[in-house]
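S.K.: Quick one: sequence and predicted model below, then my questions.
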Amino acid sequence: MRIDVRYFAWVRERVGASRETVETGAATVAALVAELRGQSEGHAAAFADVAALRVAVDQALAGFDAPLAGAREVAFFPPMTGG
Amino acid sequence: MRIDVRYFAWVRERVGASRETVETGAATVAALVAELRGQSEGHAAAFADVAALRVAVDQALAGFDAPLAGAREVAFFPPMTGG
Amino acid sequence: MADDGGRGGGAARVRVGDGAFDLGAETADFAAAQPGAGAVVAFAGLVRDEEGDLHALEIEHFPEMTGKAIAAIAGEAGARWGLTGCLVIHRVGRLAPGEAIMMVATAARHRAAAFAAAEFLMDYLKSRAPFWKKELRRSGPVWVAARAEDEAALARW
Amino acid sequence: MADDGGRGGGAARVRVGDGAFDLGAETADFAAAQPGAGAVVAFAGLVRDEEGDLHALEIEHFPEMTGKAIAAIAGEAGARWGLTGCLVIHRVGRLAPGEAIMMVATAARHRAAAFAAAEFLMDYLKSRAPFWKKELRRSGPVWVAARAEDEAALARW
């Protein structure tokens, strides 16, 4: 399946891109992370500590155990700092 | 001693005056109230239920047991409804 | 309106009077005068007409006591929450439904302090500042009764 | 700024964009559009420069998600506290020290509801709306770290 992957804030800076499209069979966000880590040194740096990351699946906040079946977009970013 | 007595809101309306000066030997606010009650029907109505009243001695909130020694002004009014 | 003249940064400004005030301009001016603040809270109380028969609200106060009572409350708020400033404006006299009765504004480095100070000020102004409200209704004038929950709210501070 | 167009009385209005907004005018306009409200609370977050070396604050967001995340939070606040209305404005892009980053305004019959709803909105906007702040300092750029107390604040709701 094709998944749009999006990156924000320092995750975007470490990966070196704000979005990419990946072809994956990952069943969960965590499985997708395991695949993405191997893509580049930047990806490895971005995903070094997943406890420091938050994730949204199809623009709704989700956990790393969230299933990807039917998902079109996964976004990774640090804890939000709005307001 | 001479005390300026002031009335606000419905206490003022019942007494029928916003202020008066009384010559009194009352040692406390409560003793002053006992004297004022006898002044007129309006005073009696105003002081019928002291639990419904608040008092300020020299413009600071006080209790009915507050001493009057040295006081120049005593004000009576209902619970405040500012804001 | 009478003004305490202001005491610069960190000070409380208190105004009590019978003129209308401009909530927007007061809020903007206040916020612009708070160097170091990250959070500004403004509260305004408006004249409500729940039964649809309110001609006016009349507010009486105890002039010689009002200013110092509010200044004491505002000074305590400023010290307790480390405010960069606070503002209290309260009208007296006759107001129409929908008009702003009063406002408070507080500013601090972080929002928790600004919110707490504004709520503290409101709780004390409601029950400890010498104002009394009378509603002029079609059915006749009614002195507004103090609400038990307003008195109870003081216990949290 | 993009606007949801408003949905009349009781509705939440949400605007996210890169233009400055007028805190005073927004607060006054909001208060004037709240029939039945007795209490209006406005909160503004300002760019602080604590170390005196901040050139600018840059705010990034997740555009497709921001509007609906805020609308969901605002809708929940409106329902939970029976608000007559609420407003959320949040800037993105580059801001100078002292500028207003965002504001919320809430209105309700009584002050406890208006205050609680404004604090709830702020707590959620801080930690659950997809914004990220980067400080451009003389010493270099720094992503603002989430504060543990901001995350903890959510537990009270």
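M.R.: Perfect, thanks for sending it.
S.K.: do you know how far C:His55 is from chain A?
M.R.: To chain A, C:His55 is 42 Å away according to CB to the nearest CB, to the nearest Å. (C-beta placed from N, C-alpha, C; glycine too.)
S.K.: C:Leu136 is in contact with that residue, correct?
M.R.: Yes: contact criterion CB atoms under 8 Å: C:His55 and C:Leu136 qualify, at 4.6 Å.
S.K.: which residues are contacting the one helix or strand C:Ala72 maps to?
M.R.: Secondary structure assignment for C:Ala72, by DSSP states H and E: helix C:63-81. Defining contact as CB atoms under 8 Å, 6 or more residues apart in numbering or on different chains, one finds that helix C:63-81 is touched by B:56, B:59-60, B:75, C:2, C:4, C:10-12, C:14, C:16, C:83, C:85-86, C:88, C:90, C:106, C:108, C:113-114, C:116-117, C:120-121, C:124-125, C:128-131.
S.K.: who does the helix or strand that that helix is followed by touch, helix- and strand-wise?
M.R.: Sequence-wise, the next helix or strand downstream of helix C:63-81 (DSSP H and E) is strand C:85-91. When contacts are defined as 3 or more CB pairs under 8 Å, 6 or more residues apart in numbering or on different chains; DSSP states H and E, strand C:85-91 packs onto strand C:12-17, helix C:23-32, strand C:54-61, helix C:63-81, strand C:100-108, helix C:111-128.
S.K.: Next secondary structure after strand C:85-91?
M.R.: Next in sequence after strand C:85-91, counting helices and strands by DSSP H and E, comes strand C:93-95.
S.K.: Which strands border that next one, and is each parallel or antiparallel?
M.R.: Partners of strand C:93-95 in the sheet, by DSSP bridges, are strand C:54-61 (antiparallel).
S.K.: returning to what we had before: buried ones in the helix holding C:Ala72, by neighbour count?
M.R.: Residues of helix C:63-81 classed as buried by neighbour count (16 or more other CB atoms under 10 Å in any protein chain shown): C:65-67, C:69-74, C:76-78, C:81.
S.K.: before we move on, back to that, just say which of the helices and strands packed on strand C:85-91 is most tucked in.
M.R.: strand C:100-108 (a mean of 27; mean count of other CB atoms under 10 Å in any protein chain shown).
S.K.: Does anything pack onto that one? Which helices or strands?
M.R.: Counting by 3+ CB pairs under 8 Å, 6+ apart, strand C:100-108 packs on helix C:23-32, strand C:39-46, helix C:63-81, strand C:85-91, helix C:111-128.
S.K.: Pipe those into a markdown table and attach mean pLDDT per row.
M.R.: Shown next, in a markdown table, are the helices and strands packed on strand C:100-108 (pLDDT from 0 to 100):
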| stretch | mean pLDDT |
| --- | --- |
| helix C:23-32 | 98 |
| strand C:39-46 | 98 |
| helix C:63-81 | 96 |
| strand C:85-91 | 98 |
| helix C:111-128 | 97 |
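S.K.: Adding distance to D:Ala152, write the ones you listed out as TSV.
M.R.: Shown next, in TSV, are these (distance: least, CB to CB, whole Å):
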stretch	distance to D:Ala152
helix C:23-32	27
strand C:39-46	17
helix C:63-81	19
strand C:85-91	26
helix C:111-128	11
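S.K.: and A:Leu36, which of those is closest to it?
M.R.: Nearest of those to A:Leu36, taken as CB to CB: helix C:111-128 at 35.8 Å.
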